[in-house]
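J.: Here is my input; please provide its structure:
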Amino acid sequence: MTNNNTLLIELQYIGSIEYYAQLLHYPNIIIEQHEHFERSTLRNRTYIATSNNVFALAVPLEHGRQQRCSVKNVRISYSYAWQRQQWHSLEAAYRSSPFFEYFEDYFKPFYEKNYTFLWDYNHDLLQTILRIMQLKLNINYTTEYHKDYALIDPQTVDYRSKCYSKIPYQNLNTAYTPPIYHQVFADIYPFTPNLSIADLLFNTGTDAVSLLKQSVKG
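T.: Residues are numbered from 1 along each chain as shown. Here you go, the predicted structure:
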């Protein structure tokens, strides 16, 4: 365990495998809720493995790429049926995976219920995924924004925007090693590291937590 015992991180849409590995590595979590929204990040997108290789699922936002407001005020757009499309994509990608049927009832409501704000949507997804993994984390939230959080608390590791959305995955954190496991389309494509946590859950089930814990050293 690192000498730093607190992690500062943003909310993500579903969240990458690295994201959850970091959450499990620290005894205390602070989630940023006062930053300005950053586009082209995992705050509103996630990646899954499909029969057509890696595919991005993105939550559409009102004002699109022109978001200039606090992350808590970012509104989801329902100008087209993106929820139905994304659920069909998840089903097509993971219906044949070993654990999809065990977890689909946790995920499906998020593609049926309309949320106004991206923050609330991502927060409820996070809580649901932690419940799937039977994890209770000590989570708190920022009360104001600080660009340099080390000035506030030098014992806090600032991991905001450190889980990158680039595909192919570029590991810039030497303490993190993406876990290797069997993926649905392994007979078609080489292993793809650090996809959505949904990929790990649907493929490994209850082994997901131990794989996450083993992936971060130090």
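J.: In contact with the residue positioned nearest the centre of the chain, which residues?
T.: Among the residues of the chain, the one closest to the centroid is residue 15, at 0.4 Å (Cα atoms, centre = their mean). Residues near residue 15 by Cβ atoms under 8 Å, 6 or more residues apart in numbering: 42, 46, 125, 126, 129, 196, 197. All C-beta atoms are positioned from the backbone trio N, CA, C, and that covers glycine.
J.: May I have the phi/psi pair for it?
T.: When read as degrees, to the nearest 10, the backbone of residue 15 gives phi 100, psi 140.
J.: Against residue 188, how distant is it?
T.: Separation of residue 15 from residue 188 (Cβ to Cβ, to the nearest Å): 25 Å.
J.: just residue 57 next, same as before
T.: 20 Å.
J.: Tell me which of those two has more neighbours.
T.: Using other Cβ atoms under 10 Å, the more surrounded residue of residue 57 and residue 188 is residue 57, with 20 against 12.
J.: That one against residue 48, yeah?
T.: Yes: counting by Cβ atoms under 8 Å, residue 48 is a contact partner of residue 57 at 6.4 Å.
J.: okay, and the common contacts of the two?
T.: Counting by Cβ under 8 Å, 6+ apart, the residues touching both residue 57 and residue 48 are 89, 90, 196.
J.: Dump these to a markdown table, plus secondary structure and distance to residue 34.
T.: Formatted as a markdown table, the shared contacts of residue 57 and residue 48 follow (DSSP: H, G, I helix; E, B strand; the rest coil; distance: Cβ to Cβ, whole Å):
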| residue | secondary structure | distance to residue 34 |
| --- | --- | --- |
| 89 | helix | 32 |
| 90 | helix | 31 |
| 196 | strand | 26 |
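J.: and after the longest helix belonging to the chain, which helix or strand comes next?
T.: Using DSSP state H, we find that the single longest helix of the chain is helix 118-132. Heading C-terminal from helix 118-132, the first helix or strand you meet, by DSSP states H and E, is strand 138-141.
J.: contacting residues around that next one?
T.: Counting by Cβ under 8 Å, 6+ apart, 27, 28, 29, 30, 31, 32, 33 sit against strand 138-141.
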